[in-house]
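>>> Next come a sequence and a model predicted from it.
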Amino acid sequence: MQNTPIGIIGGSGLYQIEGLSERQEHDLVTPFGQPSDRLVSGKLAGVPVVFLARHGQTHHLLPSEVPYRANIYAFKQLGVKHLLSFSAVGSLSEDIAPLDMVIPDQYIDMTRQRINTFFGQGTVAHVSLADPICAELTQLLGAAAESCLDQQGLRLHVGGTYLCIEGPQFSTRAESHWFRGLGANIIGMTNMPEARLAREAQMAYVSLGMVTDYDAWHPREQAVTADYAIKNLMKNSENAQKILMGVLARLQNQRPDSLAHTALQQGLVTPLSSMSVDTRKWVEVLLQ
Ligand SMILES: CSC[C@H]1O[C@H](OP(=O)(O)O)[C@H](O)[C@@H]1O
Ligand SMILES: Nc1ncnc2[nH]cnc12
């Protein structure tokens, strides 16, 4: 596993990565359709990487329109076993301020109209999702983010619950208060089903939430608008690039083991021998 490429999913504001050498574009088709855009591979800080803009490079896909299954499958086709995901998020906690960053360790899934599994139609798997985020990747990403943010007086919060809404509208004030009551710390529209599918594909997953706003619950701060979030996103995207370089430097000589890497082996219920030839092909890719 030593030299497997590191997958990078860029969210709002992170549509490409700078400084890639040996750059190659991949126009992939998967059994689950086409990914959000071309995947771009190359080397960054000496580490093989594969990058994909989640909403497309021109940000033309709504959170509900992102082809999450095709995206995860395409990374898997290119040999990715570790996935770093970047996202803009709103804060549901007083002590998490705009421009802070958060590495969540839990999710509450409030999405309503997304296909959230590769399985079904004759093939059954139940993977464990108790700990959806890779603890080892969290440590490496945390160290990189802390050293970048410290210098600017910004804060990194390690751990916390990301609540995923369907969108595309932001929450009502009543929902925002309700989500706080549920114990959620940050809110976004994209990490689900991305994290679920990464687990089914046996990939270690970690997410960096870049805080842009206080959503709609705060008594003194303005309710979020896309304009407001995007202004803060722009301030964040330079830090995202620096943090990415920092985490890749820490991955140069290692690829951490993760409980994700055996998740499907443990969760697959239907025997491979009873699957059709076509189904077995894509299940075997997920099992690699
Ligand atoms: C432009 S703010 C709302 C938008 O940003 C987040 O996307 P991503 O996680 O891809 O950075 C949020 O989930 C919404 O899709
Ligand atoms: N308040 C918010 N709600 C959902 N997604 C977001 N992305 C950035 N801010 C957000």
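Now that the structure is in, tell me what you want to look at. Ligands and ions are numbered 1, 2, ... in the order given.

>>> Spatially, what comes nearest to the residue of the stretch 1-150 of the chain found nearest ligand 2 if we skip its sequence neighbours?
Of all residues in the stretch 1-150 of the chain, residue 90 sits closest to ligand 2, at 2.4 Å by Cβ to the nearest ligand atom. C-beta: built from backbone N, CA, C; applies to glycine. Closest residue to residue 90 apart from its sequence neighbours, by Cβ to Cβ, 6 or more residues apart in numbering: residue 215 at 3.8 Å.

>>> immediately after the worst-scoring helix or strand of the chain on mean pLDDT, which helix or strand?
Here the helix or strand of the chain ranked lowest by mean pLDDT, DSSP states H and E is helix 226-251, holding a mean of 93. Going down the chain from helix 226-251, the next helix or strand is helix 263-267, by DSSP states H and E.

>>> what sits up against that next one?
Here helix 263-267 makes contact (Cβ atoms under 8 Å, 6 or more residues apart in numbering) with 125, 126, 127, 128, 199, 200, 201, 202, 286, 287.

>>> Disregarding residues adjacent in the polypeptide, which is nearest to the residue of the stretch 1-150 of the chain found nearest ligand 1?
Relative to ligand 1, the nearest point of the stretch 1-150 of the chain is residue 11 (2.4 Å; Cβ to the nearest ligand atom). The shortest distance from residue 11 to any non-neighbouring residue, by Cβ to Cβ, 6+ apart, is to residue 87 (4.2 Å).

>>> likewise residue 196?
residue 116 (5.3 Å).

>>> got the contact list for that neighbour?
Applying Cβ under 8 Å, 6+ apart, the residues near residue 116 are 109, 192, 193, 196, 197.

>>> before we move on, back to that, let's see the ChimeraX selection covering just the buried ones among the contacts of helix 263-267.
Here is the ChimeraX command that selects the buried residues among the contacts of helix 263-267 (16 or more other Cβ atoms under 10 Å):
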select :125,127,199,200,201,202,286
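
>>> Please narrow the contacts of helix 263-267 to those residing in strands.
Assignment to strands by DSSP state E places none of those there.

>>> Export the contacts of helix 263-267 as TSV, with columns for distance to ligand 2.
Converted to TSV, those look like this (distance: Cβ to the nearest ligand atom, whole Å):
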residue	distance to ligand 2
125	29
126	29
127	26
128	27
199	22
200	24
201	24
202	28
286	29
287	33
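
>>> Of the contacts of helix 263-267, which is the nearest to residue 259?
residue 128 (7.7 Å; Cβ to Cβ).

>>> Now that closest one: closest residue in space, sequence neighbours ignored.
Per Cβ to Cβ, 6+ apart, closest to residue 128 is residue 263, 6.3 Å.

>>> If anything else comes up later, I'll come back, but that's it for now.
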